[in-house]
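# got a sequence here, can you model it:
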Amino acid sequence: MNTGPDIYVIGAGGHAKVVIATLRESGYTIKAVLDDDPKKVGKDLLGVQVVGPPSQLENLPESRAVVAIGVNSTRKAIAERFPRTEWVSAVHPTACVHPSVRLGPGTVVFAGAVIQPDTHIGAHCIVNTSASIDHDCLLEDYVHVAPGVNLAGGVRLEQGVFVGIGSAIIPSVTVGCWTVVGAGGVVVRDLAGQSLAIGVPARPTKKRE
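All right, here's what the predicted structure looks like:
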């Protein structure tokens, strides 16, 4: 069982439910859910109450939290907003993560995911349900790999990349920062940053604003 301060979960949407489930299965106790939407205050999320905005963390001398929001840019903004918070990483016990894998603070690995040797995953990343990441991959900060994604060996996802559900990326491909790969896409060559790529094979359609 993990010890120390209780965990706060930031975000009260559907993604937060999966984070809460993962934290519980990992042995953590969740103190409360924090969300900026006043309409969600007082609501119950898997037995955890939404008590108010994340700004409450500023008044706590010691706090641990996870940002449970799927949008990469929002996770980044919140993480930077609370530099004194200890960001917790959590791995669901049914995930298979090799001991050589490095996980950054605030990163969550959901049920059924597989992460193979010598992969490095940065801060505040999401490795979603049943995603597969092979050997020697690099995921920079704020990356989100959606459910059922398959990354072959040596793939590099730069900061803020989102890889949509059921997508695949062949070996040694680099996807540039803040690029989105659409659902079911198959990436067979490097992609520039700030782009949207869809299809089989995935081709950039435009620069993202």
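
# please parse this protein into its domains.
Taking automatic domain parsing as the reference, the chain has its domains at 7-87, 90-199.

# so which other helices or strands are in contact with the longest helix seen in the chain?
Across the chain, the longest stretch assigned as helix under DSSP state H is helix 14-25. Where contact means 3 or more Cβ pairs under 8 Å, 6 or more residues apart in numbering; DSSP states H and E, helix 14-25 is packed against strand 7-10, strand 30-34, strand 44-45, strand 90-91, strand 108-109. Every C-beta, even on glycine, is put in place using the N, C-alpha and C of the backbone.

# ranking those by burial, who's on top?
strand 108-109 (a mean of 28; mean count of other Cβ atoms under 10 Å).

# can you list contacts of it?
Contacts to strand 108-109, defined as Cβ atoms under 8 Å, 6 or more residues apart in numbering, come from residues 19, 22, 66, 68, 89-92, 95, 97, 103, 115, 125-127.

# change it to 6 Å
19, 22, 90, 91, 95, 126, 127 (Cβ atoms under 6 Å, 6 or more residues apart in numbering).

# same question, stretch 138-145
By Cβ under 6 Å, 6+ apart, stretch 138-145 touches 72, 75-76, 120-128, 131, 156-163.

# so which of those sit within strands?
120, 121, 126, 127, 156, 157, 162, 163 (DSSP state E).

# show me how to select, in PyMOL, the buried members of those.
Provided next is the PyMOL selection string for whichever of the ones in strands among the contacts of stretch 138-145 are buried by 16 or more other Cβ atoms under 10 Å:
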select buried, resi 121+126+127+156+157+162+163
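
# this completes my enquiry, with thanks.
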